[in-house]
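# Pasting the sequence and the predicted model now:
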Amino acid sequence: MAIWLIRAGKYGEHEDRFLKDNRVYLTWSSLQELDLSVAKDYDQLKDLVQSNYPGETARKIGNWTGQIWAFTLAMKEKDWVVMPKKVRA
């Protein structure tokens, strides 16, 4: 079992949906139409991200790929997910 720290958007804009659905989601709009399950390892996932964000720096692509990798390849059922709340009711 692992513990993952996630964010629900830069300003917490996805918190309500995550909590209501009792799920976490990737929120990159440019990746919504992609089948990320075709990537079997980090390098294949990085190639997918790079092809959808060709103008971004290598550092940013690496950072994003690491975040997406957690969702697509590393997170497993029964892992714990922690989400600090940014939005106050």
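Cool, the structure landed. Residues are numbered from 1 along each chain as shown.

# From here on, just use CA atoms for contacts and neighbour counts.
Will do.

# Can you report how many residues neighbour Y25?
For Y25, the tally of surrounding residues (other C-alpha atoms under 10 Å) stands at 14.

# SS state for it?
coil (DSSP: H, G, I helix; E, B strand; the rest coil).

# Surely it and L19 touch.
No. Between Y25 and L19 there is no contact under C-alpha atoms under 8 Å: 10.9 Å.

# can you give me the helices in this protein?
Here the chain has its helices, by DSSP state H, at 15-21, 42-52, 58-69.

# Which one, of those, ends up nearest to M1?
Closest to M1 of the helices of the chain is helix 58-69 (C-alpha to C-alpha; 16.7 Å).

# got the angle for that closest one vs helix 42-52?
Counting by axes from the mean of the first three to the mean of the last three C-alpha atoms, to 10 degrees, helix 58-69 lies at 120 degrees to helix 42-52.

# Show me what helix 58-69 is packed up against.
Secondary-structure packing of helix 58-69 (3 or more C-alpha pairs under 8 Å, 6 or more residues apart in numbering; DSSP states H and E): helix 42-52.

# so how far is the helix it packs on off the chain centroid?
Centre-to-centre, helix 42-52 and its host chain are 13 Å apart (C-alpha atoms, centre = their mean, to the nearest Å).

# do the same with stretch 35-51
Centroid separation between stretch 35-51 and its chain, computed with C-alpha atoms, centre = their mean, is 13 Å.

# cool, stretch 1-20 as well?
The answer for stretch 1-20 is 10 Å, by C-alpha atoms, centre = their mean.

# If we go by neighbour counts, what in it is buried?
Using 16 or more other C-alpha atoms under 10 Å as the test for burial, stretch 1-20 gives R7, A8, H14, E15.

# Is the first one in contact with M83, as I believe?
So that's R7. Yes. Using C-alpha under 8 Å, R7 is in contact with M83, at 5.8 Å.
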